[in-house]
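Chemist: sequence unavailable; structure follows:
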């Protein structure tokens, strides 16, 4: 009687049924972490204008002071996100992915909930900054956790699914806004406490990846320092990814923050109540998110076909053209939704960074490198948000229009990016029977 072939393990599995319990737990933990990431990061964007107006004792949410201080709060959030990516990334490389994931989730859940109690604009700024430290760290930790535990050939699809977690989290934030539309804006932040309950399961169920544990043992007490990111061949990769991410994220967050404020300031909704405006925003954000979910899988298919570099270039160009076409002239809600669909699909580019960046760096620099290079761009994005907010561009259409141009240099620099070194052959070829038998 012929013995049955051994069950595939680790990176060699080809079907979902072959995944180990540890791999499933790591995948679920990372996905849920990203789900609540999306929830907590978007709550402020949805209520920024009315909440900041309340804190400033201003009756008109379109007042220039509301735009200015609201921009500073969002800038603090993006800068905290950038610093959190590097800070918690370093913790994850030293202490482990599972431990760091727990700390990041606790951080953003606690300080998002505390935003409910803000009485001044600067208190809200502090709470959003501290919450962002955890959100930025969770991105890097979750991406590295999946990159080290799930099969390499699945990376484009994993990136799409993981980014979908963020999209669904944003949809939950929109649902919270819709349900609580008759309450003061601050109440939506109480929903942000929910992720804290996730850490109880993570600490007991999610093990550290074997790849990280092996690298930790082999290193002894000699581990690469942060400055190694800027030395040798890794240094070129670091600089290029920082440039691409800085440019793309600045334009992306200009859209994410200002398109909601633009909707609230449209002439056709000028006489609407805050509740009705919130419901309109909820519907339009859901439209963008549905398109973005589709875009994640479009990006995954492109990456399987064209590899990462060319896919990133194409989607950056598409994002630029979509924003320029949408905001080159004043439009009402009956026209804007066409542009929102195109923009949402092009947002799939950010799903690719999820699985593309971690393998570019050595194991004990992986979370630090991916977190720092991707998230450091948010400092530039934060300053860009303030710049747009202080520019006094009226209904913010011109700010959105000009932000679209930033994707063009991002696409140009992306042409110089390398492919992940551990993917020696294209993903479409590695699943062949011959390669598995070897």
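Modeler: Okay, I see it. Quick caveat: nothing in here was measured; it's all calculated off a predicted structure. Residues are numbered from 1 along each chain as shown.
Chemist: where are the low-confidence patches of the protein?
Modeler: Residues of the chain meeting the criterion pLDDT under 70: 1-14, 219-223, 377, 381-382, 384-395, 422-438.
Chemist: where do the helices sit along the stretch 201-350 of the chain?
Modeler: Remark: helices assigned in the stretch 201-350 of the chain by DSSP state H, counting those that start in this stretch are 210-219, 232-264, 274-327, 333-346, 349-356.
Chemist: nearest to residue 80, out of those helices?
Modeler: Of all those, the one in closest proximity to residue 80, counting by C-beta to C-beta, is helix 232-264 (13.1 Å). All C-beta atoms are positioned from the backbone trio N, CA, C, and that covers glycine.
Chemist: got the angle between that closest one and helix 274-327?
Modeler: Counting by axes from the mean of the first three to the mean of the last three C-alpha atoms, to 10 degrees, helix 232-264 points 120 degrees away from the direction of helix 274-327.
Chemist: report the angle between helix 232-264 and helix 333-346.
Modeler: Going by the same axes, to 10 degrees, helix 232-264 is angled at 170 degrees with respect to helix 333-346.
Chemist: circling back: let me have the helices of the stretch 201-350 of the chain in TSV, extended by distance to residue 97 and mean neighbour count.
Modeler: Formatted as TSV, the helices of the stretch 201-350 of the chain follow (distance: least, C-beta to C-beta, whole Å; neighbours: other C-beta atoms under 10 Å):
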stretch	distance to residue 97	mean neighbour count
helix 210-219	6	14
helix 232-264	20	22
helix 274-327	22	21
helix 333-346	30	19
helix 349-356	15	27
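Chemist: mind checking which of those helices is nearest residue 113?
Modeler: That would be helix 274-327 among the helices of the stretch 201-350 of the chain, by C-beta to C-beta, at 20.5 Å.
Chemist: now for that closest one, which elements pack on it?
Modeler: helix 21-56, helix 155-179, helix 232-264, helix 333-346, helix 349-356, helix 397-403, helix 407-414 (3 or more C-beta pairs under 8 Å, 6 or more residues apart in numbering; DSSP states H and E).
Chemist: on that earlier part again, got a markdown table for the helices of the stretch 201-350 of the chain, with distance to residue 148 too?
Modeler: Shown next, in a markdown table, are the helices of the stretch 201-350 of the chain (distance: least, C-beta to C-beta, whole Å):
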| stretch | distance to residue 148 |
| --- | --- |
| helix 210-219 | 4 |
| helix 232-264 | 18 |
| helix 274-327 | 18 |
| helix 333-346 | 29 |
| helix 349-356 | 11 |
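Chemist: follow-up on the earlier one: relative to residue 107, which of the helices and strands packed on helix 274-327 is closest?
Modeler: Residue 107 lies closest to helix 21-56 among the helices and strands packed on helix 274-327, at 10.1 Å (C-beta to C-beta).
Chemist: tell me the contacts of residue 112?
Modeler: In this structure, residue 112 makes contact with 40, 43, 127, 131, 189, 192-193, judged by C-beta atoms under 8 Å, 6 or more residues apart in numbering.
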